[in-house]
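>>> Okay, structure incoming, though there's no sequence with it:
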């Protein structure tokens, strides 16, 4: 019998721990950005729709940096890709200091964009980096392990934001001093991580997922490899990921507004409930992983969870009080598996096109920067009604999961 592959090799343990910490760090930064939405509305006196520029700055950077980061990684390797991402992350955080002093929303957006270019670079590099740290048969286990810490970062971000930025009665809760101080500390911490990582020796690695299944053709042309955009399951995955992150961006951006405007909570308490919703995402990922491993095919669980979120959004939009707020928290539970599942289903059976396809799917994250504008326009009138809009996104994800066996017949579902 073939031996069960190890989780990783001993020589990779230190590297794996460092790279896994990156998942935690960008999880904190992404969820902390949603805390800024509400704070900027209060301090800079901007509308909910205009505050969506925060999400555009964060998620829009993925559209800009997705392909360049992949090319940089291919040219200079994983280590230099990580260092580039950390340097941009730290630089963006330090730019919050002059942005806070100027009190300029435009300056804040620029700082967030630079910071998010670092996040996009880290995300592009970290997934194949983790996959390469051991046997390809155990790469999914390593990625799921690292993704758990991304979810943990998503819990920490709102708690940190709620305590240091939104806390009622805090000396600087109504100005930008807390924002400046918090991001300065973040900039120092990320710079320190970059310095430490620069001393780590990283051997030459290769992404084990890039399998050259399309490197040959047989007589008669029966197995002539398709071009990337001829793979229907990849094209639909890229579209589904765009709508998936769009739903995420809109749902997260106005969670604190819902807690404040609809439930009558302070911004601080609403921020803590946002952290609870991120905990539900971590639990959903654990439950979903077990279900996919032992009970149900990934594409089936995807469309079931998408259907559940359509129901959750309907309940949230009805403004049933506590019941609707619980449904809002539960959206993250059912959302949990969507990003990695769409990603993995989209990359199946692509052979040498895997890396290129990965860059395109990562670029779909830009949806999280566009959709909050639509929700913001509605939320300026009624934030509960705005939650009808993500139903469109979950309907697209439902169709992708439901139709996947026909899109990619090689996969048994």
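Great, that's in hand. Since this is a predicted model, take the numbers as computed values, not measurements. Numbering: from 1, shown residues only.
>>> mind checking how far stretch 110-128 is from the chain centre?
11 Å (Cα atoms, centre = their mean, to the nearest Å).
>>> cool, stretch 327-341 as well?
12 Å.
>>> How far does that stretch stretch from one end to the other?
End-to-end distance of stretch 327-341: 22 Å, with Cα to Cα, to the nearest Å as the criterion.
>>> Which positions in it come out as buried?
Neighbour counts using 16 or more other Cβ atoms under 10 Å place 327-341 of stretch 327-341 among the buried residues. In short, each C-beta sits where N, CA and C put it, glycine included.
>>> next one: stretch 17-29
Buried-residue list, stretch 17-29, by 16+ other Cβ under 10 Å: 18-29.
>>> Using JSON lines, lay out these together with pLDDT and secondary structure.
Formatted as JSON lines, those follow (pLDDT from 0 to 100; DSSP: H, G, I helix; E, B strand; the rest coil):
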{"residue": "18", "pLDDT": "89", "secondary structure": "helix"}
{"residue": "19", "pLDDT": "88", "secondary structure": "helix"}
{"residue": "20", "pLDDT": "88", "secondary structure": "helix"}
{"residue": "21", "pLDDT": "90", "secondary structure": "helix"}
{"residue": "22", "pLDDT": "90", "secondary structure": "helix"}
{"residue": "23", "pLDDT": "89", "secondary structure": "helix"}
{"residue": "24", "pLDDT": "90", "secondary structure": "helix"}
{"residue": "25", "pLDDT": "90", "secondary structure": "helix"}
{"residue": "26", "pLDDT": "84", "secondary structure": "helix"}
{"residue": "27", "pLDDT": "86", "secondary structure": "helix"}
{"residue": "28", "pLDDT": "90", "secondary structure": "helix"}
{"residue": "29", "pLDDT": "88", "secondary structure": "helix"}
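>>> Let's have those residues in TSV, adding distance to residue 77.
Converted to TSV, those look like this (distance: Cβ to Cβ, whole Å):
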residue	distance to residue 77
18	15
19	13
20	19
21	19
22	15
23	19
24	22
25	20
26	20
27	24
28	26
29	24
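>>> quick one on the thing from earlier: please flag which of the buried residues of stretch 327-341 sit within strands.
Using DSSP state E to define strands, no part of the buried residues of stretch 327-341 is located there.
>>> Select from those residues the entry with the lowest predicted confidence.
On pLDDT alone, residue 340 ranks lowest of those, at 78.
>>> Now the one helix or strand residue 195 maps to: buried residues?
For residue 195, the host element (DSSP states H and E) is helix 177-198. Buried residues in helix 177-198, counted by 16+ other Cβ under 10 Å: 178-183, 186-187, 190-191, 193-194, 197.
>>> Next secondary structure after that helix?
helix 232-253.
>>> Quick one: mean pLDDT for that next one?
Averaged across helix 232-253, pLDDT comes to 89.
>>> tell me how far that helix is from the chain's mean position?
Worked out by Cα atoms, centre = their mean, helix 232-253 lies 11 Å from the chain centre.
>>> hmm, which helix or strand of this protein has the shakiest average pLDDT?
helix 354-363 (a mean of 73; mean pLDDT, DSSP states H and E).
>>> on that earlier part again, closest one of the buried residues of stretch 327-341 to residue 65?
Among the buried residues of stretch 327-341, residue 339 lies closest to residue 65 (Cβ to Cβ), at 17.4 Å.
>>> measure the residue lying closest to that closest one once chain neighbours are set aside to residue 357 for me?
Of all residues not flanking residue 339 in the chain, residue 244 sits nearest, at 6.2 Å (Cβ to Cβ, 6 or more residues apart in numbering). Between residue 244 and residue 357 the computed distance is 16 Å (Cβ to Cβ, to the nearest Å).
>>> for residue 292, same thing?
With Cβ to Cβ as the criterion, residue 292 and residue 357 are 21 Å apart.
>>> Show me which of these two is the more surrounded one.
Of the pair residue 292 and residue 357, residue 357 is the one with more neighbours under other Cβ atoms under 10 Å, namely 22 against 19.
>>> Having no further points to raise, I will conclude here.
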